[in-house]
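# Sequence and predicted model, in that order:
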Amino acid sequence: MKIVVIGGTGLIGSKTVERLRKKGHDVLAASPNSGVNTVTGEGLDEALAGAQVVIDLANSPSFEEKAAMDFFEAAGRNLFAAEKAAGVRHHVALSVVGTDRMQAMGYFRAKLLQEKHIRNSGVPYTIVHATQFFEFAGAIAQSATEGMTVRLPTGAFQPIAADNVADAMADASTAEPVNGMIEIAGPERGRMHDFIARYLKATNDPRTVVADPQARYFEVEIDDRTLVPDDGARLGQIRFDDWLKTAAAPKA
């Protein structure tokens, strides 16, 4: 089966491509560097020719609302036109658990619009909602840093390893479209500030984490519901502490 992975050279894309190729599928890793640009439409028709499935992992290069809106509007318009012309039978997209609960931030308003376009496209689809990746722990800490203090919310947090996200994306792409949403998350739920404190300790980072119920996750106030999935979510197998052993290991 021919599967085109938009954003196929990124963190999740490269891992998803690897998994699908190992299963024997004909996989095209599409990105601007390979001459495929969803925003301009460049190379889309050629890339999608003969494809049965498209996995959309491309993301806005900016969290700013207008930039994100413009990106998802243009990318969706061009991608769905090319998919319909090619007869693509399944569109699989990665989004975020709690997108509808984080509408205080412009980026998530853009993500919600992206999901609306997917539902209205006429192409059979599966939207995979993932929690935050383990690999984003450093960026989350940096976003909340004031001097040597990292001030973080106390809301519930259930991050997932990028490897397990790629597992889920590969599985979703070879299954039948659900024409709806599925959720994936890590195997353990705790407090955001605790996860980030564990990350900083493992990486010998001297910053101090302060738990603050009023602190925001980027621009969003969170509680114990905002970032975590409903019952029935698919849970990854990689635990945070096991991932930390690899992430914190000295690089050769």
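Right, received. Where do you want to start? Residues are numbered from 1 along each chain as shown.

# Please make it C-alpha for all contacts and neighbour counts, starting now.
Will do.

# what about the residue lying closest to G87 once chain neighbours are set aside, neighbour count?
Among residues not flanking G87 along the chain, Q52 sits closest, at 7.2 Å (CA to CA, 6 or more residues apart in numbering). By the criterion of other CA atoms under 10 Å, Q52 has 19 neighbours.

# Who are the contact partners of Q52?
Counting by CA atoms under 8 Å, 6 or more residues apart in numbering, Q52 makes contact with 1-3, 87-90.

# Provide a ChimeraX selection command restricted to the buried entries of those.
Selection of buried members from those for ChimeraX, criterion 16 or more other CA atoms under 10 Å:
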select :2,3,88,89,90
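
# Redo the contacts of Q52 as TSV? Include distance to L113 and pLDDT.
Formatted as TSV, the contacts of Q52 follow (distance: CA to CA, whole Å; pLDDT from 0 to 100):
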residue	distance to L113	pLDDT
M1	30	94
K2	28	97
I3	25	98
G87	24	97
V88	22	98
R89	22	98
H90	19	98
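
# ok so, going back, distance check, the residue nearest to G87 against E46.
As for Q52, its distance to E46 is 14 Å (criterion: CA to CA, to the nearest Å).

# and the helix or strand harbouring K201, which residues are buried?
Element membership for K201, per DSSP states H and E: helix 192-202. Across helix 192-202, burial judged by 16+ other CA under 10 Å covers 192-200.

# mind checking how far it is from the chain centre?
21 Å (CA atoms, centre = their mean, to the nearest Å).

# Mind giving me the packing neighbours of that helix?
helix 137-143, strand 156-157, strand 208-211, helix 240-247 (3 or more CA pairs under 8 Å, 6 or more residues apart in numbering; DSSP states H and E).

# Could you say which of the ones you listed is packed most deeply?
Most buried of the helices and strands packed on helix 192-202, by mean neighbour count (mean count of other CA atoms under 10 Å): strand 156-157, with a mean of 23.

# Neighbouring strands - and their directions - for that strand?
Here strand 156-157 is paired, per DSSP bridges, with strand 190-191 (antiparallel).

# Not counting its own residues, what contacts the strand it pairs with?
In this structure, residues lying in contact with strand 190-191 by CA under 8 Å, 6+ apart are 154-158.

# Columns distance to F72 and pLDDT on top of those residues, output as a markdown table?
Shown next, in a markdown table, are the contacts of strand 190-191 (distance: CA to CA, whole Å; pLDDT from 0 to 100):
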| residue | distance to F72 | pLDDT |
| --- | --- | --- |
| T154 | 31 | 96 |
| G155 | 29 | 96 |
| A156 | 29 | 98 |
| F157 | 27 | 98 |
| Q158 | 26 | 98 |
